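>>> Kindly return the folded structure for what I paste below:
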Amino acid sequence: MGAVAILICAPAAQAITSGSAEATLNVDNQWGSGYCATVTIDNNGGSAIAGWAVGLNLNGSAINNLWNGSLSGGTVTPAAHNATVGAGDSTNFGFCANGGSVAELATFEVEGGSGSSSSASSERSSSSSSSTSSNPGGTNSVTVRMSGVTGDESVSLNIGGQTIETWTLSVGMLDYTTSTNTTGELRVAFTNDGGDRDVQVDYIIVNGVTYQAEDQQDNTGAWDGECGAGSYSEMLHCNGSIGFGNPFDGSSSSSSSSNPNPGNPDFPPFHVGNITTNGAVRSDFTQYWDQITPENEGKWGSVEGTRDQYNWGPLDAIYDYARANDIPVKAHVLVWGSQRPGWIDGLSAAEQRAEIEEWISDYCARYPDTAMIDVVNEALPSHAPANYAQNAFGNDWITESFRLARQHCPNAVLIYNDYNFMTWDTDAIIDLIRPAVNSGYVDALGLQAHGLYSPRVWTGPEIEAKLDQIAELGLPMYISEYDIQESNDQLQLQYMQTHFPIFYNHPDVVGITLWGYIVGATWREGTGLMTSNGQQRPAMQWLMDYLNR
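Predicted coordinates:
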């Protein structure tokens, strides 16, 4: 059956001015239940803007993802990196929302700038005659995110105005309710009705702002009252309640904190996965692995070797297998200097920009269920940076690549991936990617692990120290391309036993992907873990025992 395309006409652009500055809202994508939009702030004056604020009338929609800014109530203010807008320059923020109608620009204020004013009225460039009614406070949207449960782990609740409502959902053996009391305090109550279910509240999101629990000690949002198990995350085993103050007053109180990463916090479960073998998925794959990455099939040069002619077939097969077996796909890779289509280099910067976005958009549209994406790969100048992307976007090309990925793949975990991350180039990579990390578009870091044993063997304490250092960036980490290039069975086993438990047990590592497992069909000789007929090398035997697979 062929694909059915549903086209929804996007509303015309909206514009609002403040002195010589102008904010413009454009809807980038729209579907039946939601949309994504970009708001651009142009400084048309002769002096710099030192700060800005854009008020949105959400028209009943609820923002579920926002980047390049901070949301409080219905007002967006700058992120740390884009508060200042030079004369003649521009900046932007973007968001995605569900429900209701498309948001409208309501207010726009700037600080500084030529002829700036403290307030402005909205001027829509749309010729539509429809009017919007006033809705002070709008509709409050609450999302409670929990881990340690099965089923619908993320559930949205709409509470109109300041009214008190209670909503109940049963997930497996666990029941929980949310309510607001007379002071507006949000409570989340839990009842474990007979099962020994470990439960953790990761966070709540109110009107797009992330809050964590007040009664917390370890900044996880986990219950840590007398019912806690006392474990690393202090999970709840019995009845209890967690308070979040009054997030409905439109401001963040001292008892609640905004998620430091405004990207997608909804990480898939911890996995130990692998890649395809010789361009195909072996029938025994899920016997050993619970996540899949295309080795070469998803690289841009493999998919679009000829401009505007896509070869999706190999990727389709991978996604079909993953869906049938209920395992996540980690895409590899969107923007990389190697294995790129040769035709991209000869284009103008404007054409390169258009083609990069088209590639990202088309990939995300075809595979919207992609769980994780290596967005930018090996960008260190001495590695394999995407020079065509730098030519297209300038020195901020890494951040811009992630911005596009966030825009078109809002539900995926977006990863920066590089090699020698845990060994020789740790400091250089951290310095390189810090601006992109600070932008909020990067959700996680991919730490390739090909070279832990040559030209020297890195010890367990050394690797653990590197993981701790990288974790200071504040993002979860994936061990993204792990292999052990060792033909001696006992040495390979020894190395596996040394490093794998460090990866597996580090609190900031959220997944491990090995890079091939069939002897004679891996990128580097000696890295295979079992023969094509199923005979396992000692390292593979140990690993399967360790994982209880």
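>>> Near residue 283, how many other residues are there?
Neighbourhood size, residue 283 [other C-beta atoms under 10 Å]: 8. C-beta here means a position set from N, CA and C on the backbone, and glycine is covered the same way.
>>> same thing with residue 310?
Neighbour number of residue 310 under other C-beta under 10 Å is 14.
>>> Ok, residue 509 next?
Using other C-beta under 10 Å: residue 509 sits among 18 other residues.
>>> ditto for residue 470
Around residue 470 there are 18 residues (other C-beta under 10 Å).
>>> Repeat that for residue 534.
With other C-beta under 10 Å as criterion, residue 534 counts 9.
>>> same check, this time on residue 510
Neighbours around residue 510, by other C-beta under 10 Å: 19.
>>> Tell me, what's the model's pLDDT at the closest residue to it other than its chain neighbours?
In space, and not counting its chain neighbours, residue 510 is closest to residue 476: 4.4 Å by C-beta to C-beta, 6 or more residues apart in numbering. Here, the pLDDT recorded for residue 476 equals 92.
>>> Please settle this for me: is residue 434 part of a helix?
Yes: remark: residue 434 belongs to a helix, assigned using DSSP: H, G, I helix; E, B strand; the rest coil.
>>> Residues in contact with stretch 273-283: which ones?
By C-beta atoms under 8 Å, 6 or more residues apart in numbering, the residues outside stretch 273-283 that reach it are 285, 288-297, 314, 317-318, 321, 327-328, 330, 511-518, 521.
>>> Would you mind extracting the C-alpha trace of it into PDB?
What follows is stretch 273-283, C-alpha atoms only, in PDB (Å, rounded to 0.1, in the frame of the first residue of the first chain):
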ATOM      1  CA  GLY A 273      22.800  -3.000  20.900                       C
ATOM      2  CA  ASN A 274      24.700  -3.600  17.800                       C
ATOM      3  CA  ILE A 275      24.900  -2.800  14.000                       C
ATOM      4  CA  THR A 276      23.900  -4.500  10.800                       C
ATOM      5  CA  THR A 277      26.100  -7.200   9.300                       C
ATOM      6  CA  ASN A 278      27.200  -6.700   5.700                       C
ATOM      7  CA  GLY A 279      24.200  -4.400   5.000                       C
ATOM      8  CA  ALA A 280      21.600  -6.700   6.500                       C
ATOM      9  CA  VAL A 281      20.000  -7.700   9.800                       C
ATOM     10  CA  ARG A 282      20.800 -11.200  10.900                       C
ATOM     11  CA  SER A 283      17.900 -13.400  12.000                       C
END
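>>> follow-up on the earlier one: in ChimeraX, how would I select the buried members of the contacts of stretch 273-283?
To isolate the buried members of the contacts of stretch 273-283 in ChimeraX, using 16 or more other C-beta atoms under 10 Å:
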select :285,288,289,290,291,292,293,294,295,297,314,317,318,321,327,328,330,511,512,513,514,515,516,517,518,521
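>>> Point out the ones among the contacts of stretch 273-283 that are inside strands.
Mapping these onto strands (DSSP state E) picks out 292, 293, 330, 511, 512, 513, 514.
>>> among these, which two are most distant?
Using C-beta to C-beta, the ones in strands among the contacts of stretch 273-283 span at most 13.0 Å, a distance reached by 292 and 512.
>>> Where does confidence bottom out across the ones in strands among the contacts of stretch 273-283?
residue 511 (94).
>>> partners of that residue in the sheet?
With DSSP bridges applied, residue 511 shows beta-bridge pairing to residue 271, residue 478.
>>> residue contacts, it?
By C-beta under 8 Å, 6+ apart, the neighbours of residue 511 are 268, 270, 271, 272, 273, 291, 372, 478, 479.
>>> So of the residues you listed, which two are at opposite extremes in space?
268 and 479 (14.7 Å).
>>> who's more crowded, the two?
Set residue 268 next to residue 479 and count neighbours by other C-beta under 10 Å: residue 479 wins out with 25 against 17.
>>> dump the residue contacts of the more buried one.
Neighbours of residue 479 in contact, by C-beta under 8 Å, 6+ apart: 447, 449, 503, 509, 511, 512, 513.
>>> Out of those, which is nearest to residue 422?
Looking across the contacts of residue 479 and measuring by C-beta to C-beta, the closest to residue 422 is residue 447, at 5.4 Å.
>>> Just the CA atoms from the strand or helix carrying that closest one would do, formatted as PDB, please.
Here residue 447 sits within strand 444-449, counting by DSSP states H and E. The C-alpha trace of strand 444-449 is given here as PDB (Å, rounded to 0.1, in the frame of the first residue of the first chain):
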ATOM      1  CA  ALA A 444      23.400  13.300  24.600                       C
ATOM      2  CA  LEU A 445      27.000  12.500  23.700                       C
ATOM      3  CA  GLY A 446      28.200   9.500  21.700                       C
ATOM      4  CA  LEU A 447      31.600   8.200  22.800                       C
ATOM      5  CA  GLN A 448      33.100   6.000  20.200                       C
ATOM      6  CA  ALA A 449      35.200   3.200  21.700                       C
END
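>>> May I have the strands that pair with it, each with its orientation?
Counting by DSSP bridges, strand 444-449 is paired with strand 413-418 (parallel), strand 477-482 (parallel).
>>> for those, which one sits closest to residue 101?
Of the strands paired with strand 444-449, nearest to residue 101 by C-beta to C-beta is strand 413-418, at 28.2 Å.
>>> what does that closest one contact?
263-264, 266-268, 330, 332-333, 371-380, 383, 398, 402, 405-406, 425, 429, 433, 436-437, 441-448, 478, 480-481.
>>> thinking residue 451 is in contact with residue 425, fair?
No: contact between residue 451 and residue 425 fails when scored by C-beta atoms under 8 Å: they sit 10.2 Å apart.
>>> still on that earlier bit, for the residue nearest to residue 510, what are its contacts?
267, 443, 444, 445, 508, 509, 510.
>>> Please identify the helix or strand for residue 403.
Going by DSSP H and E, residue 403 is in helix 397-408.
>>> before we move on, back to that, tell me the helix or strand right after the strand holding residue 447.
helix 460-471.
>>> Can you list the buried residues in that following helix?
Result for helix 460-471 [16+ other C-beta under 10 Å]: buried residues 463, 464, 466, 467, 470, 471.
>>> Go through those residues and name the one nearest residue 351.
Nearest to residue 351, judged by C-beta to C-beta, of these is residue 470 at 36.0 Å.
>>> Does that closest one touch residue 427 like I think?
No: using C-beta under 8 Å, residue 470 makes no contact with residue 427, being 10.2 Å away.
>>> Redo the strands paired with strand 444-449 as a markdown table? Include distance to residue 94.
Listed next are the strands paired with strand 444-449 as a markdown table, based on distance: least, C-beta to C-beta, whole Å:
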| stretch | distance to residue 94 |
| --- | --- |
| strand 413-418 | 13 |
| strand 477-482 | 25 |
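>>> could you give the mean pLDDT of stretch 406-414?
94.
>>> what sits against residue 451?
419, 420, 423.
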